[in-house]
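> Generate a structure from the sequence data that follows.
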Amino acid sequence: MNVALYILTMSGGGAEKQCALLAAGLSGAGHDVRVIIDDPSMNRTSNIEILKEAQVELDVLPDVAPWRKVVYLSKYLRHHRVDALFCYLTQPDFYGGLAARLAGVRKIYGGIRNCYLPGWKLVLECVSHHLFCSKTVFNCFSGRDAYAGRLFKSLKCHVIPNCSPFFNPPVVRKGMEIIKVISVSRFVEQKDYLTALRSFRVLAQTDGQHEFIIVGHGELKEQIEDWAKELGIACRIKIHVNPPNIPELLLSADIYLSTSLFEGTSNSIMEAMNYSLPVVCTDVGDNRLLVKHGESGFVCPVKDVASLGGALRALAGDKATRDKFGCRANELLRKNHSLESFISAYENLLEN
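Model (predicted):
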């Protein structure tokens, strides 16, 4: 089957990584696969390497007005006789869905990666879902449950959670003098770094040495630094912008912290689980399905600094619990999020 995947860029986000993994997996399963993007300037090397290894073509759309892009993409899809198009995120869902419909593509799949959509995105997704798409694929059950049967047709909503491309063996860390908390995400409002810093301050006020490693990129970097100064914890914060050694940073840490206001299936939490980190997170998206409260971490109410900080304290003060929770997290990831089951689910979707 000729399959195309359309996404704005192949940058370092979770959607981009899952797009690359799906393209490579479908190619390996015998499909003729190509990836279409708008902007090559933000491409992440690791995602491009996944495509190159699988011999998946990467094509860039011209930088033209949206309606011209729709016309170009429609001709492109017709020229390559694409049978199925997978779109990722709102703009590709809308413009890609329209272009595919004009081109006569038989199977058109929208892709929603969150449990919450702001107004304009929701409008475009609704139009795409009802007028263009064969199905809308959610990466989280919480997203499907929020919209199916209300704004979206239940029978056209499908859930395929994210996968992990590989599994690390369980890790039992050495007891170190400094307890390190780590967060890996974009520096945007959705991730609620002010709550993360306030929660870490609850831990920092206890006896012992503690450090908060913040990894990512985005427009709020300077704001995060200012908040850390205002809270009096700047000396305990280390910010890494797009570092090449994220695996090493995860291995050096003791606890993973996520304070998002909304999520889908969190790639960053899955990566933390892969490195056997106990997780403290907010109860958003599918976090409660990823993290088993009291088994592999703690799931806390949104913006609840006392609860989040208390969970950090509990883990920081008990190495045996950190080890047990971390190994359980690794076990749950292996059980529920393999690449093989991920590709199989998409192949079943194509066949049906």
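> From the recorded domain assignment, give the ranges for this structure.
For the chain, the domain assignment from automatic domain parsing gives the residue ranges 2-163+338-351, 178-336.
> Tell me which of these approaches Pro169 most closely.
Of all the domains of the chain, domain 178-336 sits nearest to Pro169, with 7.9 Å by C-beta to C-beta. Glycine gets a C-beta too; all of them are placed from N, C-alpha and C.
> how close does Asp93 get to Cys126?
10 Å (C-beta to C-beta, to the nearest Å).
> picking that back up, could the domains of the chain be laid out in TSV, adding mean neighbour count, mean pLDDT and distance to Val171?
Formatted as TSV, the domains of the chain follow (neighbours: other C-beta atoms under 10 Å; pLDDT from 0 to 100; distance: least, C-beta to C-beta, whole Å):
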stretch	mean neighbour count	mean pLDDT	distance to Val171
domain 2-163+338-351	19	96	19
domain 178-336	20	97	4
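> Please verify my assumption that Ile48 contacts Glu57.
No - in this structure, Ile48 is not within contact of Glu57 by C-beta atoms under 8 Å, at 11.9 Å.
> among the domains of the chain, which is nearest Pro170?
Within those, the stretch nearest Pro170 is domain 178-336; the backing value is 4.5 Å (C-beta to C-beta).
> Just give me how far the closest one sits from the chain centre.
Centre-to-centre, domain 178-336 and its host chain are 15 Å apart (C-alpha atoms, centre = their mean, to the nearest Å).
> Which elements pack onto the top helix by length along the chain?
Secondary structure of the chain per DSSP state H: the longest helix is helix 319-336. Under the contact criterion of 3 or more C-beta pairs under 8 Å, 6 or more residues apart in numbering; DSSP states H and E, helix 319-336 touches helix 267-274, helix 305-316.
> counting contacts, what elements does the longest one pack onto?
Read that as helix 305-316. When contacts are defined as 3+ C-beta pairs under 8 Å, 6+ apart, helix 305-316 packs onto strand 178-184, helix 193-204, strand 255-258, strand 279-282, strand 297-300, helix 319-336.
> Out of the ones you listed, the one nearest His240 is which?
Here strand 178-184 is closest among the helices and strands packed on helix 305-316 (C-beta to C-beta), at 9.0 Å.
> Which one, of the helices and strands packed on helix 305-316, ends up nearest to Glu230?
Between the helices and strands packed on helix 305-316, helix 193-204 lies closest to Glu230; by C-beta to C-beta that is 9.0 Å.
> Restricting to C-alpha, output that closest one in PDB.
What follows is helix 193-204, C-alpha atoms only, in PDB (Å, rounded to 0.1, in the frame of the first residue of the first chain):
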ATOM      1  CA  TYR A 193       7.100  25.000  35.200                       C
ATOM      2  CA  LEU A 194       6.100  27.500  37.900                       C
ATOM      3  CA  THR A 195       4.300  24.600  39.700                       C
ATOM      4  CA  ALA A 196       7.300  22.400  39.100                       C
ATOM      5  CA  LEU A 197       9.600  24.900  40.700                       C
ATOM      6  CA  ARG A 198       7.400  25.500  43.600                       C
ATOM      7  CA  SER A 199       7.000  21.700  44.100                       C
ATOM      8  CA  PHE A 200      10.800  21.300  44.000                       C
ATOM      9  CA  ARG A 201      11.200  24.100  46.600                       C
ATOM     10  CA  VAL A 202       9.100  22.000  49.000                       C
ATOM     11  CA  LEU A 203      11.700  19.300  48.600                       C
ATOM     12  CA  ALA A 204      14.600  21.800  48.800                       C
END
